Each structure stands twice: as C-alpha cells, then as structure tokens.
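Engineer: prediction below, plus the sequence it came from.
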Amino acid sequence: MDMEKIEQGFLLMIENIKSIAREQNTDFYDAFVEQNAAFLQAKLDKPTDVALSVLTASNQKLSQLHLTKKEWQKLFQFVLLKGAQVAPMQPNHAFTPDSIGALFHFIIETLHPKKDIRVLEMGSGLGNLAEFLLVNTTKNIEYVGFEVDDLLLDLAASMSEIIGLQATFMQVDGVQSQLLAPVDVVISDLPIGFYPDDALAQTFFVGQKQGHTFAHHLMIEQAMKYLKESGFAVFLAPADLLTSVQAETLKNWMVEQAHLAAVITLPEQLFKQAAKSIYVFKKSKSTRATFVYPLENLNDQKDIHALMTAFQSHFDA
C-alpha cells in the first residue's frame, strides 16, 4: 500500500466532509455519505449540486490517485477513526478491527475449501468486516449484509461501491426471518444487548419466558436457519456467552441445532467494554471436541502463527 497516497486521499476526503457538513448543517456521518455519493456521481460525470459547488475539484484529485482496493479500505478506516473522534458512535456501531477480520478470513479460508461461497453477514454495520474479507479473499464470494440502521447501511454500501466490491446490503433486522437462499457461511460481529420485542423473542428456542432476551442469542439461533447443512457461522461475541445468566437456554438449543466447533478467546485489552471471543458454530450434530485457543496477543506474529497451526491441525485431523 502507498501510505502517502492514502494520506493525500484522507485529507481531500476530510475537507470535503467538513465542507458538506457546513453547507448542509449536518453531522459528520451524513456528510460522509454525501461525499461518497458526490464522488461516485463525479466519476459518472453527473455531479450533484453539492459536488458542483464545492467538491468537484477535490474529487477529481481523489480519483486521480488511482487507489487500489486495499488502499481505499485503509483510507475509509482512517476517515471512520476521525469520525469517532468528532462524533463517537455507540459501541455496537463501531467498526470491526482488521485484526479480527484477519482471523475471520483465516477461519473461512480454512474451513471452506471450495472456490465459490455464499456469505451472509448479520448486522453488517459500517461494512469494515465485509470489506476486509472481500478485498483479501482468494474465493468468489457472493456476499449479502443485513443491517437495520439506515445510516450504517448507506455508509457501508457507498464505501463498498467506491472500493469496487461485489456486495449486497439490505435493510433488515437480523432477528426477523427473511426469505434467502441457503448460505455456506454466516458471519457477525454480534450486537450486544437486549432485543426490544419480547413477543417475537419468545418464538425462539432461546427466547426468555420472562423479561428481555439477549439479541445476540436470537441472532445466533436465526443464523442457523440460513445455513446449508454442515455450513458454519463465525461470530464475535461476549467472552461469557456460555456462562451468562441466559447461557443455559442457549446451550440447550445447541444440543439439537449446532455444534460448537471452536472458541478463540481474545485479549481483554482489545475491547473498551466487556471481553469478547470468536465462536465457530457448525450446523450439524457432532461429538468432536471443541477447539479452544487462548490468543494472548493479536500483534504477536508467533502467537498468531501458533493459533493457525493448531487450528489447521485440529480440523485436518
């Protein structure tokens, strides 16, 4: 990657976002969406009114940088980090770090040997996990992302289009059932908290008979419905997923519906809120032992290599 070009692009984009925010009296993220739309329209020689007034020259310079897909992805991360400084998002809306994306990528590449693959992301958020996978994959991925928040959806879709990725984003509540052809893999950086619709939650096996149900439990159960037989799901979820106050219901559901194939615990300091782990569920019944690995340092290549070697040995056996 050419970090000098990325920095140039970052400065051009931030200045455009600031200009739009001032002109339209809007916030950073809405202005970010407008900037992406203006850039895409300018590339089609159909600039918007905003682009004509303040953005055309900057977007032409941005286009002339000829950024690669990886450079665009990195540029957008820097823009989102800048946004987090001026307009912090709630924790469930923060983008998934590349270090986590790299582990998801490794797991998918290892467990799904076929070239063509259908992937569903539940709660695609800002799209960074999707972007990392699609930019770095060696596979032909048919990707669909479900996201209920319209701003996050617009940001993810516009960034994906600029990068040049083949991805479909849909405004969908991940807990509610949708008509969808079965997929090979489900992924999610699961949103943490209680689901507000108790009536709907109680139609699920993991739904609590009294009080609110954890939304991430509902999404795990829903994910299995979209998977092909022997398909698998990769989740970033709370480290206490199997020991929380609602864990017993989830474990009872797992007995009939899913095999917990792997748990990779992550360093606590990686998260501002509660610690998280990566969980791999397979849509099948199995008596095979769960692969468990405590990853101590995501920045230590020896630790990462040891994890990968142990993971491959376990699933090749």
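Structural biologist: Everything's here; your move. Numbers count the residues shown, from 1 in each chain.
Engineer: residue closest to the middle of this structure?
Structural biologist: residue 129 (3.6 Å; Cα atoms, centre = their mean).
Engineer: so it: helix, strand or coil?
Structural biologist: Here residue 129 is recorded as helix under DSSP: H, G, I helix; E, B strand; the rest coil.
Engineer: I'd like to know how far the residue nearest to it when sequence neighbours are not counted sits from residue 58.
Structural biologist: Spatial nearest neighbour of residue 129, excluding adjacent residues (Cβ to Cβ, 6 or more residues apart in numbering): residue 96 at 4.2 Å. For the C-beta atoms, the positions are set from N, CA and C on the backbone; glycine is no exception. Separation of residue 96 from residue 58 (Cβ to Cβ, to the nearest Å): 29 Å.
Engineer: residue 270 contacts residue 296, doesn't it?
Structural biologist: No: shown here, residue 270 and residue 296 do not form a contact pair, counting by Cβ atoms under 8 Å, at 10.8 Å.
Engineer: between those two, which one's more packed in?
Structural biologist: residue 270 (15 against 12; other Cβ atoms under 10 Å).
Engineer: per-residue pLDDT, the more buried one?
Structural biologist: Listed pLDDT for residue 270 reads 74.
Engineer: contact partners for it?
Structural biologist: 97, 99, 276, 298 (Cβ atoms under 8 Å, 6 or more residues apart in numbering).
Engineer: residue 149: which of these is nearest?
Structural biologist: residue 97 (19.5 Å; Cβ to Cβ).
Engineer: quick one, phi/psi of the closest one?
Structural biologist: phi -60, psi 150 (degrees, to the nearest 10).
Engineer: same thing with residue 294?
Structural biologist: Dihedral angles (degrees, to the nearest 10) for residue 294: phi -90, psi 100.
Engineer: what bridges to the residue lying closest to it once chain neighbours are set aside?
Structural biologist: Sequence neighbours aside, residue 265 is the residue nearest to residue 294 in space, at 4.7 Å (criterion: Cβ to Cβ, 6+ apart). With DSSP bridges as the criterion, residue 265 is bridged to residue 277, residue 294.
Engineer: how close does residue 265 get to residue 178?
Structural biologist: The separation that residue 265 has from residue 178, given Cβ to Cβ, amounts to 32 Å.
Engineer: over to residue 276?
Structural biologist: 26 Å.
Engineer: those two: which is more packed in?
Structural biologist: Comparing residue 276 with residue 178 by other Cβ under 10 Å, the one with more neighbours is residue 276, at 23 against 14.
Engineer: hmm, the more buried one is touching residue 235, no?
Structural biologist: No: under the criterion of Cβ under 8 Å, residue 276 makes no contact with residue 235, lying 9.4 Å away.
Engineer: contacting residues for residue 80?
Structural biologist: Per Cβ under 8 Å, 6+ apart, neighbours of residue 80: 95, 126, 128.
Engineer: check which helix or strand covers it.
Structural biologist: helix 69-86 (DSSP states H and E).
Engineer: just the CA trace of that helix, in CSV.
Structural biologist: Extracted C-alpha coordinates of helix 69-86, given in CSV (Å, rounded to 0.1, in the frame of the first residue of the first chain):
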residue,chain,number,x,y,z
LYS,A,69,-9.0,-1.7,-3.2
LYS,A,70,-6.8,-2.2,-0.2
GLU,A,71,-5.8,1.5,-0.2
TRP,A,72,-9.4,2.6,-0.3
GLN,A,73,-10.3,0.3,2.5
LYS,A,74,-7.5,1.7,4.7
LEU,A,75,-8.5,5.3,3.7
PHE,A,76,-12.0,4.7,4.8
GLN,A,77,-10.8,3.3,8.1
PHE,A,78,-8.9,6.5,8.8
VAL,A,79,-12.0,8.5,7.9
LEU,A,80,-14.1,6.5,10.3
LEU,A,81,-11.5,6.9,13.1
LYS,A,82,-11.6,10.6,12.5
GLY,A,83,-15.4,10.4,12.8
ALA,A,84,-15.1,8.5,16.0
GLN,A,85,-13.1,11.5,17.4
VAL,A,86,-15.6,14.2,16.5
